[in-house]
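> test case, fold it:
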Amino acid sequence: MNDTVAVALITSLSTLTAAGLAGSVSAWTANKQLRHQALLAREERAEQRATDHRQMRREAYERFLSHADAAYRVLDERWLARLPAESQHGGSGFAARRALDEAYIRVRLVGPEDVAERGAAVVRGIGNEFHQHARVVNSHPDTEDCVVDLDPSARAQALRVRGATTGEFVAAARRALGGEFSLSPDVPAEEPRPRR
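Numbering: from 1, shown residues only. Predicted coordinates for the structure are as follows:
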């Protein structure tokens, strides 16, 4: 073989080998980058899902507390009303309890179970307070006094139950939201207080 042909063959083979090796390294590097980008995208999607779920929980908890507050306001009006009052048996109580029940269903859906249990206690407490109020009203049919004056201990007990059940619900909701619970996403949560 001619030396020129041999040099040309060696040169072309080395060029082809180098091109093949460079292509393999480029493909391996690109594959590695694509796997890393896919991993980052999966992590970002998981984080976004967690953020969306936390926001959905926050909204359900806020709606529930809002409806509980509306039911408490109806109860307050009834406790402070003078008898006989047509509002004592009106539909506002039913509407408030119905809205609360609907909000509670959403709390049960978004969970967790601890928060749903505390929500059930709030619903039971409000239901019991409506029944307790009706018992006081029905036991004094001929009076024109303020309902709270007819049985102050019943009202005091109802207020204790309100505070306890609502406080336990808020504490469970804060734990479920990772310690951050405020009435809107724009308002920062309170700093946790150290336990003594």
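
> hey, let's count contacts and neighbours off CA atoms from now on
Noted.

> give me the below-cutoff pLDDT ranges for the chain.
Along the chain, segments meeting pLDDT under 70 span 1, 84-90, 179-196.

> mind doing that once more with 80?
Filtered on pLDDT under 80, the chain yields the residue ranges 1, 5-7, 83-91, 141, 143, 179-196.

> helices along that one, start to end?
Along the chain, counting by DSSP state H, helices occupy 3-80, 91-110, 113-138, 147-150, 152-176.

> in CSV, list these along with mean neighbour count.
Shown next, in CSV, are those (neighbours: other CA atoms under 10 Å):
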stretch, mean neighbour count
helix 3-80, 15
helix 91-110, 18
helix 113-138, 19
helix 147-150, 18
helix 152-176, 17
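
> gap between the residue positioned nearest the centre of the chain and Asp114?
Nearest to the geometric centre of the chain sits Arg57, at 1.9 Å (CA atoms, centre = their mean). The gap separating Arg57 from Asp114 is 13 Å, by CA to CA, to the nearest Å.

> what is in contact with those two at once?
Taking CA atoms under 8 Å, 6 or more residues apart in numbering as the contact rule, Arg57 and Asp114 touch no residue in common.

> show me what contacts Ser66?
Applying CA under 8 Å, 6+ apart, no residues qualify as near Ser66.

> oh sorry, the question was meant for Arg155
Counting by CA under 8 Å, 6+ apart, Arg155 has contacts Trp79, Val148.

> adjust the sequence numbering to begin at 204 for everything that follows.
Sure, I'll start counting at 204 from here, so that last one is Arg358.

> okay, it and Phe333: tell me how far apart.
11 Å.

> try Ser217
Taking CA to CA, one finds Ser217 at 91 Å from Phe333.

> distance of Arg363 relative to Ser356?
In terms of CA to CA, Arg363 sits 11 Å off from Ser356.

> do the same with Ser229
Ser229 is 81 Å from Ser356, by CA to CA.

> what do you get for Ala211?
For Ala211 relative to Ser356 (CA to CA), the value is 108 Å.

> for Met259, same thing?
Met259 is 39 Å from Ser356, by CA to CA.

> same deal with Ala271?
22 Å.

> what's the answer for Gly328, then?
16 Å.

> what of Asp279?
15 Å.

> next one: Val364
12 Å.

> chain neighbours aside, what residue packs nearest to the residue nearest to the centre of the chain?
Using CA to CA, 6 or more residues apart in numbering and skipping the chain neighbours, the partner closest in space to Arg260 is Val313 (5.7 Å).

> please report how far Gly226 lies from Gln236.
15 Å.

> swap in Ser215?
In terms of CA to CA, Ser215 sits 31 Å off from Gln236.

> His336 too?
His336 is 68 Å from Gln236, by CA to CA.

> Ala306 too?
46 Å.

> before we move on, what about Asp255?
On the measure of CA to CA, Asp255 and Gln236 end up 28 Å apart.

> now Leu278
63 Å.

> for Gln335, same thing?
67 Å.

> likewise Leu283?
Counting by CA to CA, the gap from Leu283 to Gln236 is 70 Å.
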